[in-house]
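Novice: Quick one: sequence and predicted model below, then my questions.
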Amino acid sequence: MQLCEVFLSLGEEGFSHLLKTVSMGRLRTYQLFDRLKVRAHLGKLNSEALRKAAPRLWARLQAGEHELAQDLAQAILVCHLEMIREALDLLGIPNEDGFFSKDIDASSYLTDGWQRRVWDALKGKYAEIPLRFYINHLAWELGDASAVFEP
């Protein structure tokens with residue numbers, strides 16, 4: 001599974017919803033602001049410009065622009081670190097405020113049904129679109145994804 005597929009599985013409306021959750025302050029804090037601005041081909045990056053760019057960005061994801069998908073994913077995920085920390089803690093994956101070592105062997109943590117367990121535990125506490133996106137992103141990132149998880 002490719003990261004573009006994770007975005008596409010949410011539908012265009014779900015994708016637009018995710019873009020609305022992006023915080024410009026968080027992008028600056030994690031030094032992602034300029035990178036996203038350039039990757040998204042935006043002369044000015046703010047919440048309104050990102051929202052208006054959603055149809056163009058969606059078309060680029062449909063065309064399979066993997067670098068765009070990665071930068072968008074980072075921008076979205078830094079805005080949901082509380083949810084990420086909770087999901088990783090639930091799975092027992094060692095992390096520092098939602099970030100884990102890139103060379104981690106997650107096979108012992110991602111046991112059968114892990115996606116459903118995370119979904120069931122967190123779906124009432126966090127918005128469903130970002131939660132679904134993160135579950136699929138985690139599977140993609142840790143190489144455990146053969147298909148998109150859809151609850």
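Specialist: That came in fine, so what should we check first?
Novice: Closest to the centroid, which residue in this structure?
Specialist: Centroid-nearest residue in the chain: A73, 4.2 Å away (criterion: CA atoms, centre = their mean).
Novice: A121 versus that one, what's the distance?
Specialist: Using CB to CB, to the nearest Å, we find A73 at a distance of 22 Å from A121. All C-beta atoms are positioned from the backbone trio N, CA, C, and that covers glycine.
Novice: What's the per-residue pLDDT of the residue nearest to the centre of the chain here?
Specialist: A73 is assigned a predicted lDDT (pLDDT) of 97.
Novice: Wasn't it part of a strand?
Specialist: No - under DSSP: H, G, I helix; E, B strand; the rest coil, A73 sits outside any strand and is assigned helix.
Novice: That one against H137, yeah?
Specialist: Yes - taking contacts as CB atoms under 8 Å, A73 lies within contact range of H137: 5.8 Å.
Novice: hmm, back to that, now do the same contact list for the residue nearest to the centre of the chain.
Specialist: L3, V6, F7, F133, H137 (CB atoms under 8 Å, 6 or more residues apart in numbering).
Novice: In contact with the fourth one, which residues?
Specialist: This means F133. Residues in contact with F133 (CB under 8 Å, 6+ apart) are V6, F7, L10, G14, L18, A73, I76.
Novice: That one is in what secondary structure piece?
Specialist: helix 128-141 (DSSP states H and E).
Novice: average pLDDT for that helix?
Specialist: In the prediction, helix 128-141 has an average pLDDT of 95.
Novice: Which helix or strand lies directly C-terminal to the one helix or strand E13 maps to?
Specialist: Remark: E13 resides in helix 11-20, with elements defined by DSSP H and E. Remark: after helix 11-20, the chain's next helix or strand is helix 24-29, criterion DSSP H and E.
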